[in-house]
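Asks: any chance you could fold what I've pasted below:
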Amino acid sequence: MIKTFRGQLKNDGKEVIRLSTNDGLTGYHIVKFQVLPSHPEGATTESLLTIWSTEAARDAQIGVGTIDFSSPLLLATAFWTSNSAGATNPEDYTVIFDKVTINQDIYMTCKSSGNMNYYIELEKVKLDLNEATVATLKDMRGRE
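Replies: As a prediction, the model looks like this:
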């Protein structure tokens, strides 16, 4: 089963996507992460959206606009650029996400020259008790 989320973030914006359950036996994999500026034509746009496994990691990144793939807390990034004529080249749109199982809330940030729309697809997976415990502990410990 696929679960979808969509919305819009402003520059230095943040958002929580609620995924946690009482028993933690429902997990998710990110299968799609897409972004699009709210005004794709007529403005130069550079945008970086990130998805984090903890609120603290997200809050530390608001307004920073840098990417560090060595962070175990980083789940996904999307980078978009376009020029003032609204022209976008395929190499100017990059999305990278980790195929880890998550069973807790995820947290988004946006560093952008304008508002950015996002669309996320998560694949829902049933976890056994051991898998749920491991996923929860990774979230609590910062995905070590």
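Asks: buried residues in stretch 7-20?
Replies: Neighbour-count burial for stretch 7-20 flags Leu9, Gly13, Lys14, Glu15, Ile17, Leu19 (criterion: 16 or more other Cβ atoms under 10 Å). Quick note: C-beta positions are derived from backbone N, CA and C, even for glycine.
Asks: please apply the same query to stretch 100-111.
Replies: Applying 16+ other Cβ under 10 Å to stretch 100-111 flags Val100, Ile102, Asn103, Gln104, Ile106, Tyr107, Met108, Thr109, Cys110, Lys111 as buried.
Asks: you'd agree the second one is up against Leu19?
Replies: What that stands for is Ile102. Yes - here Ile102 lies in contact with Leu19, judged by Cβ atoms under 8 Å, at a distance of 6.7 Å.
Asks: any common contacting residues for those two?
Replies: Common neighbours of Ile102 and Leu19, using Cβ atoms under 8 Å, 6 or more residues apart in numbering, are Tyr28.
Asks: contact partners for the closest residue to Lys99 other than its chain neighbours?
Replies: Nearest-residue entry for Lys99: His29, 5.8 Å, with adjacent residues in sequence omitted and distances by Cβ to Cβ, 6 or more residues apart in numbering. Under the criterion of Cβ under 8 Å, 6+ apart, the contact list for His29 reads Lys99, Val100, Thr101, Ile102, Leu122, Glu123, Val125.
Asks: which of these sits closest to Trp80?
Replies: Each of these was checked against Trp80 using Cβ to Cβ; the closest is Leu122, at 20.7 Å.
Asks: now that closest one: closest residue in space, sequence neighbours ignored.
Replies: Nearest to Leu122 is Tyr28, by Cβ to Cβ, 6+ apart, at 4.1 Å.
Asks: what's the pLDDT at the most centrally placed residue in the chain?
Replies: Central residue of the chain (Cα atoms, centre = their mean): Ile51, 2.6 Å from the mean position. Per-residue pLDDT puts Ile51 at 93.
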